[in-house]
Structure formats: C-alpha cells, structure tokens
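>>> have a look; sequence and predicted model below, questions after that.
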Amino acid sequence: MQNAVYNSPIRKMVNPASRAAHGFRVVLLLFPIVLSFILDARAADSTAAEQQLAGKIAAVTGPGAVVLSVENRSSLGKKETDAVSGRLRVALESLGVRSVNPNQAAATVAISLSENPTAYVWVAEIRLGAGESSIAMVSFPRAEGPSFAHESMSTALTLRKIPLWAQEDRILDIAVLDEDPPPNPGPKHIAVLDPEKVSLYRLQGGKWQQEQALSVSHSRPWPRDLRGRLVPAKDHLLDVYLPGVLCHLSAALPLVLTCRESDDPWPLGRGLSPGTETSVNSSFSATPGPATPGGTASVASSLSAFFAPTRNFFTGALAPGVGKFRTVPKFYSAAPLPRDKYVLWLFASVDGQLHLLDGITDQVARLDWGSDIASIRTSCGSGWQVLATSSANAASASIASANSASANNAGDSVRAYEFADRAPVAVSAPVDFAGEITALWTETKGDTALVVVRNQEAGNYEAFRLATACSQ
C-alpha cells in the first residue's frame with residue numbers, strides 16, 4: 001500500500017523514473033532527426049552517383065529517345081528503389097535523354113542496382129540498335145559497411161538426416177527413382193553410383209534387393225578424389241557424369257549402360273540434364289517443384305559447368321553463363337538462390353572463397369565453410385536456403401577447450417543458411433556426421449539434399465537424405 005505524501009517535493013530533486021521517461025522521450029524525438037540525417041547522407045551519395053551514371057549514359061546515346069528499365073538487385077527497399085529510378089530519369093532528361101515506348105526508341109538502357117560488401121554499384125547496359133552493348137558503371141560506399149560477417153544463432157528450420165544407403169565401395173551419388181507418397185514418404189527404388197558401376201535396388205519386404213549392376217567403362221584411370229553424378233534425362237532413365245566420361249542408362253528393360261569419353265559440362269543446381277527443366281522421365285515419381293516467381297526455377301537448373309577430367313573440381317567455364325559472366329574461378333560446388341527477377345549463384349572456389357554472382361557483379365567472401373554447398377527449396381523462411389559443410393578441424397579450431405584427440409575423432413557437419421542482404425545468416429543448428437563428407441548434392445525435386453560420408457569408425461560409406469522441418 002502506498003503511503004500518503006504530506007511534504008511537497010523539492011523542486012530540484014528529480015524522480016529517477018521521471019528522468020528515464022524524459023530521456024526516452026528525447027530519444028524518440030531525436031530519432032527521426034538522426035534517421036533523416038543518415039538517409040539524407042545516403043541520398044546525397046546516391047544522387048551524385050546517379051548524375052554521374054546519367055552523364056556516362058548520355059555520352060554513349062547522345063540526346064534522344066531510349067527505352068529505360070531499372071532493376072533492383074541490391075538490398076534497397078521498394079521506396080528507395082523508386083526514388084533512385086526517379087532521380088535517374090530526371091538526370092537523364094536534363095541531358096536530353098528521354099524515356100519512351102520501345103517503338104519510338106533508338107536505344108535501350110537497362111540499369112541494374114547492385115551491391116558488394118562495401119559499396120552500392122549502379123550498372124547500365126546500353127545497346128544502340130542491333131550493335132554491341134556498352135557498359136557504364138558507378139559506385140559509392142555503403143554506410144553500413146561490410147556485411148559478410150553477419151551471423152545468427154536463430155533456428156528457423158530443423159535439418160533431419162535420414163539414412164538412405166551404406167556400402168564398402170565409395171558412393172558417388174544416389175538417384176531416387178521411386179518413393180512412397182506422403183504422409184509416409186520413403187525411397188523404394190534407387191540407383192547407386194560407385195567408381196565402377198551403377199547398381200539398381202528395390203525395396204521388397206522391408207529389405208533392399210539388387211535388380212541389376214551395370215559396369216562403367218572407361219579407358220583412363222580415375223583421379224584420386226573421384227566425383228560423379230546421376231541425373232534424370234528426358235529420353236532415357238539417367239545420365240551418369242564422371243570425369244571425362246558420360247554414360248546413358250536406358251529406360252527400357254533390360255537396362256543398358258552406354259559410356260563414352262566426353263567433355264560435356266555437368267549440370268549444376270538440381271542436377272537436371274538439359275531439356276528436363278519442365279519434365280522428368282516418367283519412370284521417376286519425383287518431378288521438379290513449381291516454378292518460383294519470374295520463372296527462375298528452370299533457370300536455376302539450366303546452368304552447367306565443365307569438370308576437370310583429371311582433378312576433383314570444375315574448371316570455371318560455364319554454359320551458358322550467369323548474366324555477363326561466362327567463367328568464374330575454379331570451384332568445387334555451386335548453389336543457386338532464385339530471386340524474383342534473377343538467380344543469385346554461389347560458387348565455392350578452390351581457394352576457399354565464396355563467389356556470389358547476380359549476372360552483373362561478382363562479390364567475394366571468405367567464410368568458415370567447407371568445399372561443398374547446395375541449395376534447397378522449402379516452405380521455411382524466404383523459401384530457399386543454402387546448405388554448407390563445415391570440416392571438423394575448422395569447427396574444433398573455434399572452440400578453445402577442444403583437444404587434439406577430440407578434433408581427430410570429430411566428423412564434418414552441415415548447416416542451413418539464408419542470404420539476407422547477400423550475407424549468410426545461420427537458420428539451423430549444425431547436423432553432425434561420423435566422418436568426412438565426400439559429396440553434397442541437391443536432389444532432383446529440389447527440396448532435399450543427398451550427403452555422402454566416409455564413416456571413420458565403420459570404414460564404409462554412408463548416404464543420407466537431408467530434409468527440413470520449419471520451426472514453430
């Protein structure tokens with residue numbers, strides 16, 4: 001119970017609660033002013049860049065009519081993007097460059113608003129008639145500075161590892177040919193690729209029974225760290241990609257595996273052979289998922305890359321490419337992240353860096369990731385996440401109390417990330433494995449991934465399916 005107050009308060013004595021409330025009110029009053037200064041400073045930098053870019057565009061087109069488009073590939077919001085677009089148009093008009101309908105224009109100007117870890121980058125692709133295009137570019141610093149160090153312990157989803165297959169011979173890849181429908185999905189017909197054969201198994205009476213084993217013919221010895229892929233094809237059952245060798249597995253019984261020497265590029269992303277973006281062989285119950293906005297799902301699965309026949313990495317040559325990029329540094333793995341109007345491609349290069357390509361810019365980051373990455377489509381968060389491996393040595397190095405013995409016995413792990421503002425944010429806890437991860441591939445449907453591990457204790461190879469569940 002509060003006692004009655006008989007004495008008037010001393011004027012100069014201020015109640016601490018009142019002082020805190022007063023300070024809070026001052027902060028609330030000053031916040032819009034401070035924010036406006038920040039936004040005004042950014043707008044001033046942006047305006048100078050826009051005027052500079054407009055001058056470069058006008059120097060190429062000269063005064064006249066153009067078709068102008070502005071696409072945002074940066075972290076700017078819609079309001080800021082619209083403001084930038086409006087100022088660019090005003091700056092161009094002041095130089096005699098008018099935006100008109102396509103049938104009235106002599107040139108096209110496509111402007112992309114992009115960014116890297118330290119700066120915003122405005123890029124204009126200018127095309128005069130049927131001639132070659134010209135590129136104009138300006139940049140200005142980002143007020144918030146580098147963003148690649150951003151990390152979060154949030155757990156927006158849970159990764160579940162589901163045992164799929166185990167054997168003594170090295171597992172290069174597994175293709176699920178048929179599986180039970182929900183609510184109890186599970187593979188019941190699989191193809192397993194190892195260094196010398198493709199084996200088909202069917203689940204009967206709760207046990208896997210081998211149906212057929214087909215030898216892989218090759219004239220040259222395999223590289224020491226062998227990699228391979230099984231991908232569905234349009235007019236036959238599977239394509240088998242191995243270093244310097246391409247095999248086709250027929251769909252009609254009896255199955256026949258035909259191999260030849262080849263330098264054909266390997267499909268990236270969901271592992272679909274060219275021509276299978278819209279349909280998968282009817283022998284498969286797993287078909288590609290629905291397209292994302294802007295039709296980027298098929299784009300994300302249509303990129304291919306050339307594999308070095310005597311090594312364990314991709315050469316960096318792309319087919320057809322990512323925007324203006326036809327090559328990237330040599331890399332171990334790649335993962336696409338579809339956006340509304342483009343696809344952000346991630347490449348884990350052999351020098352330990354991560355390259356992010358949006359078709360206009362190549363951003364580089366160095367993260368504590370392993371060499372294997374893959375992306376999956378889920379109903380969690382933004383809808384697309386990147387799975388990245390982490391080696392036991394890297395993980396133990398960050399824990400001061402870890403001793404050398406535990407580090408040697410530890411296994412690799414996989415963790416899910418989202419890329420907000422081009423910075424990786426961890427959205428799951430790590431999933432640990434009893435050994436070294438030797439392969440990480442996105443499965444055909446795109447919503448799960450295959451992980452292959454060399455079990456150090458058992459001395460064999462184990463394959464797991466990685467599935468997700470959204471956290472509540």
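Yep, it's here. Numbers count the residues shown, from 1 in each chain.

>>> look up how far L172 lies from G228.
Distance check for G228 against L172: by C-beta to C-beta, to the nearest Å, it reads 4 Å. (Glycine included, C-beta is placed from N, CA and C.)

>>> what about E132, how many residues nearby?
7 (other C-beta atoms under 10 Å).

>>> need the per-residue pLDDT for it.
According to the prediction, E132 has pLDDT 72.

>>> separation between it and S428?
46 Å.

>>> and the nearest residue to S250 once chain neighbours are set aside, what does it touch?
Nearest non-adjacent residue to S250, counting by C-beta to C-beta, 6 or more residues apart in numbering: V256, 4.6 Å away. Contacts for V256 were tallied using C-beta atoms under 8 Å, 6 or more residues apart in numbering; they are 214, 249-250.

>>> I437 contacts S390, doesn't it?
No - with contact defined as C-beta atoms under 8 Å, I437 does not count as touching S390 (9.1 Å).

>>> and for those two, which residues touch both?
Residues touching both I437 and S390 (C-beta under 8 Å, 6+ apart): 370, 412, 414.

>>> where's the first one relative to G352, distance?
In this case it means G370. G370 is 10 Å from G352, where distance means C-beta to C-beta.

>>> more crowded one of the two?
G370 (23 against 13).

>>> I'd like the next helix or strand past the lowest-mean-pLDDT helix or strand in the chain.
Here the helix or strand of the chain ranked lowest by mean pLDDT, DSSP states H and E is helix 404-409, holding a mean of 43. Per DSSP states H and E, the first helix or strand lying C-terminal to helix 404-409 is strand 413-420.

>>> still on that earlier bit, quick one: which of the contacts of V256 is nearest to K56?
For the contacts of V256, the closest approach to K56 (C-beta to C-beta) belongs to L249, at 53.3 Å.

>>> wait, the closest one sits on L255?
Yes - between L249 and L255 there is a contact under C-beta under 8 Å: 6.2 Å.

>>> still on that earlier bit, okay, and the common contacts of G228 and L172?
With C-beta under 8 Å, 6+ apart, G228 and L172 have common neighbours 193, 195, 242.

>>> give me the number of residues near the first one?
Translated: L193. 24.

>>> looking at this, G86 is in a helix?
Yes - under DSSP: H, G, I helix; E, B strand; the rest coil, G86 sits within a helix.

>>> can you tell me how far the residue nearest to S250 is from Q209?
21 Å.

>>> which residues of this protein score low on pLDDT?
1-45, 117, 143-155, 271-301, 391-410, 421, 472 (pLDDT under 70).

>>> what segments of it are helices?
For the chain, the helices defined by DSSP state H cover 16-61, 78-94, 296-300, 392-397, 404-409.

>>> between the contacts of V256, which sits nearest P181?
For those, the nearest to P181 is L249 (24.5 Å; C-beta to C-beta).

>>> quick one: contacts for that closest one?
The contact partners of L249, by C-beta under 8 Å, 6+ apart, come to 191, 198, 214, 236-240, 255-257.

>>> then E457?
434-435.

>>> distance of it from S413?
Distance from E457 to S413, by C-beta to C-beta: 17 Å.

>>> could you do V121 as well?
34 Å.

>>> do L255 as well
37 Å.

>>> and for V97?
When V97 is compared with S413 (using C-beta to C-beta), they lie 54 Å apart.

>>> kindly report the same for T158.
For T158 relative to S413 (C-beta to C-beta), the value is 14 Å.

>>> between these two, which has more neighbouring residues?
Per other C-beta under 10 Å, whichever of T158 and S413 has more neighbours is S413, with 20 against 16.

>>> dig out what that one forms beta bridges with.
Beta-bridge partners recorded for S413 (DSSP bridges): S390, D432.
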